[in-house]
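K.L.:
predicted model follows, preceded by the sequence.
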Amino acid sequence: MSRAVRALRGATTVDVDTAEQIEERMVALLTELFDRNDIDHDDLISIVLTATPDISSAFPAAAARTFGLGDVPLLCAQELDIEGATPLCLRVLIHLTTERGRNEMHHIYLEGAEGLRDDLPG
């Protein structure tokens, strides 16, 4: 089977805006994404990490580096401040090469983000 470039989505929330909880929840999200999708570090291309405007105590990329992703291109950005959006939310978009088809990717949503994309396979 040939390899393709795919994107993998995930999100989680924090209860409080602290560097410790951002690291804890981001590592838990990345762990679940990597485990459920059998991601090999060498398959990674880049990762975009976002936080809602109510998170300001730490960069999500700093948490990703503690997971061992220091050599992967990481980019942090702030989500749009949309009324009614999930608060205290961290999102991730992983670009990777894989033999899996698009419908075989397991997107992961944890904590208060569980209902964000129930249309995607989990």
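P.N.:
Alright, I've got the coordinates.
K.L.:
ok, for Arg102, nearest residue in space, not its chain neighbours?
P.N.:
If the residues on either side of it in the chain are set aside, Arg102 comes closest to Arg6, at 6.4 Å by CB to CB, 6 or more residues apart in numbering. From N, CA and C alone the C-beta is placed, and that goes for glycine too.
K.L.:
let me redo that: Leu69
P.N.:
Excluding the flanking residues, the one nearest Leu69 by CB to CB, 6+ apart is Ile47, at 6.7 Å.
K.L.:
quick check: the one you found touching Cys76?
P.N.:
No. Using CB atoms under 8 Å, Ile47 makes no contact with Cys76, being 9.7 Å away.
K.L.:
between these two, who's got more neighbours?
P.N.:
Using other CB atoms under 10 Å as the criterion, Ile47 and Cys76 rank with Ile47 on top: 22 against 15.
K.L.:
distance of that one relative to Arg91?
P.N.:
11 Å (CB to CB, to the nearest Å).
K.L.:
done for today, thanks.
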